[in-house]
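Engineer: Could you look at this predicted model? Sequence included:
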Amino acid sequence: MANFPKVQEQNIAVFGEAGSGKTVLVSSFYGPTQESAYQNELWDLVALQPGQGNRLLQTYLGMRDTATMPIQNRFSGITYQFAVKLKTTGLKESTKRPFDELRLMWHDYPGEWFESDPDGEEEKQRRLETWKNLLKSDVALILVDGQKLLKYRGEEERYLTSLFANYRQNFLRAKDDLLATDGPLVEFPRIWILALSKSDLLPDWTVENFRDLLIQKSAGEINSLRDTIASLLDTPEALSLGEDFLLLSSAKFQMKPGGYEPSEIDLTQRIGVDLILPLASILPLERRVQWQQQFDIPLKVVDSLADGAEVIAAALLGLKYKTVERVLKRVVRSNRAAGVFIQLAPILSAAVAAAGPTLREIHNDARTKHDHLRAMLTQFKLDLEQAVTDNVALFRK
């Protein structure tokens with residue numbers, strides 16, 4: 001019998017310059033789930049480090065009750081650790097499903113590090129350790145600050161050129177250290193989503209407006225950033241940057257005269273925040289299937305693409321844990337990427353293909369049968385579909 005609970009870990013990295021809204025984002029992701037009015041029949045969100053959870057909740061309450069903005073983190077990278085715990089986790093039920101608990105490791109890279117040199121050897125090592133921590137991520141968000149787009153309206157390329165150049169320079173500075181041990185990286189974020197933070201300041205924009213602006217004003221800089229990241233990777237063709245876009249708003253801000261401090265923060269008006277869990281768990285699975293269909297990917301790279309994709313796909317399809325175990329054992333005995341894809345193709349492809357009315361039927365059936373894991377994952381998939389319909393997200397096809 002498998003250990004209880006069985007845990008599936010997903011990692012996401014968030015990059016943004018100082019003031020782009022990273023701390024507000026993670027606080028508005030966690031805070032609302034701790035309110036008594038929050039309703040979720042499927043799962044609870046728990047901060048695995050109580051002190052960290054208390055600080056996030058304190059920040060959230062400060063914004064909600066007194067319009068107090070959080071203090072920016074200037075000195076170290078933080079990994080926020082969350083557990084999505086299913087409402088029903090009985091031991092008998094656990095033996096039937098691929099996993100019982102989804103963990104989200106949220107890696108935050110300090111914005112000030114994009115704009116300043118390390119203050120001595122100690123900070124240089126902290127920066128390198130932060131890089132190493134976030135290497136496990138399948139998905140990374142690159143934040144584009146909506147407030148700065150407004151500031152540079154009509155000449156947005158001034159801001160965007162500086163933004164993407166800063167990102168690129170940080171990758172170049174870290175490159176030698178990252179490649180020093182084993183050469184090109186096998187495990188590294190492969191899906192880089194360009195996200196418009198503070199999108200509430202641009203209420204008339206759709207995600208297509210955001211994409212079009214970036215292409216018009218900074219296509220060359222985005223391509224250079226992609227080339228730089230690709231130079232770090234083993235199998236660089238398995239990389240998406242400049243192909244996925246997202247609108248993000250952690251709250252609706254009412255600013256005081258002068259526009260520097262908020263007089264009111266409405267944290268019920270959020271855009272895109274609820275997509276963090278679906279992006280971290282479902283999007284890597286879908287992208288892995290696309291890449292394996294298009295490219296001949298080495299086995300060591302396949303193993304690092306979309307960690308746990310097989311288990312998540314099996315849970316989406318309602319397969320029992322023992323079924324998944326048998327498939328994974330056959331995969332372990334295979335020593336070629338092609339063999340891996342043949343073994344797993346039916347499970348992965350079927351999970352990705354579920355969409356539209358069929359996906360809704362699967363979700364409703366899972367709820368009726370109290371299959372909370374399957375219901376949660378199908379809801380994540382439905383949320384991504386709805387975000388595209390609502391012009392909040394745009395994904396590579």
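Structural biologist: That came in fine, so what should we check first? What you see is a predicted model, and the numbers here were worked out from it, not measured in a lab.
Engineer: When you work out contacts or count neighbours from here on, use the C-alpha atoms and nothing else.
Structural biologist: Will do.
Engineer: what helix or strand does the residue lying closest to A306 once chain neighbours are set aside sit in?
Structural biologist: Using CA to CA, 6 or more residues apart in numbering and skipping the chain neighbours, the partner closest in space to A306 is P284 (4.8 Å). Assessed by DSSP states H and E, P284 sits inside helix 283-294.
Engineer: shouldn't the residue nearest to A306 be in contact with D138?
Structural biologist: Yes. P284 lies in contact with D138 (CA atoms under 8 Å); the separation is 6.4 Å.
Engineer: Overlap in contacts, those two.
Structural biologist: I191, L305, A306 (CA atoms under 8 Å, 6 or more residues apart in numbering).
Engineer: So which of those residues are in strands?
Structural biologist: In strands, defined here by DSSP state E, the members of the shared contacts of P284 and D138 are I191.
Engineer: a markdown table for the shared contacts of P284 and D138, including distance to F295?
Structural biologist: Output for these, formatted as a markdown table (distance: CA to CA, whole Å):
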| residue | distance to F295 |
| --- | --- |
| I191 | 16 |
| L305 | 13 |
| A306 | 15 |
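Engineer: Any of the shared contacts of P284 and D138 buried? List them.
Structural biologist: In terms of neighbour count (16 or more other CA atoms under 10 Å), the buried residues within the shared contacts of P284 and D138 are I191, L305, A306.
Engineer: With the flanking residues excluded, which residue is spatially nearest to F395?
Structural biologist: Counting by CA to CA, 6+ apart, the residue nearest F395 is D244, at 4.5 Å.
Engineer: how about the strands in the stretch 151-300 of the chain?
Structural biologist: Along the stretch 151-300 of the chain, the segments classed as strands by DSSP state E, counting those that start in this stretch run 191-197, 240-247, 252-255, 262-266.
Engineer: of all the ones you listed, which lies closest to D119?
Structural biologist: Nearest to D119 among those is strand 191-197; the distance by CA to CA comes to 28.3 Å.
Engineer: Mind listing residues that contact the closest one?
Structural biologist: 20-21, 138-146, 210, 239-249, 284.
Engineer: make it 7 Å
Structural biologist: Contact partners of strand 191-197, identified using CA atoms under 7 Å, 6 or more residues apart in numbering, comprise 20-21, 138-146, 239-242, 244-249.
Engineer: Mind giving me the PyMOL select for those residues, buried ones only?
Structural biologist: A single PyMOL command selects the buried members of the contacts of strand 191-197 (16+ other CA under 10 Å):
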select buried, resi 20+21+138+139+140+141+142+143+144+145+146+239+240+241+242+244+245+246+247+248+249
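Engineer: if we can go back for a sec, what's the separation between the residue nearest to A306 and L232?
Structural biologist: 19 Å (CA to CA, to the nearest Å).
Engineer: Could you check which of these two is surrounded by more residues?
Structural biologist: Each of P284 and L232 has its neighbours counted (other CA atoms under 10 Å); P284 has more, 24 against 21.
Engineer: Wait, that one touches G308, no?
Structural biologist: No. Checked against CA atoms under 7 Å, the pair P284 and G308 is beyond contact range at 9.5 Å.
Engineer: for the helix holding P284, what is the average pLDDT?
Structural biologist: For helix 283-294, mean pLDDT is 89.
Engineer: Can you name the residues in contact with that helix?
Structural biologist: So helix 283-294 is in contact with D138, A238, L305, A306, A309, L348, S349, V352, going by CA under 7 Å, 6+ apart.
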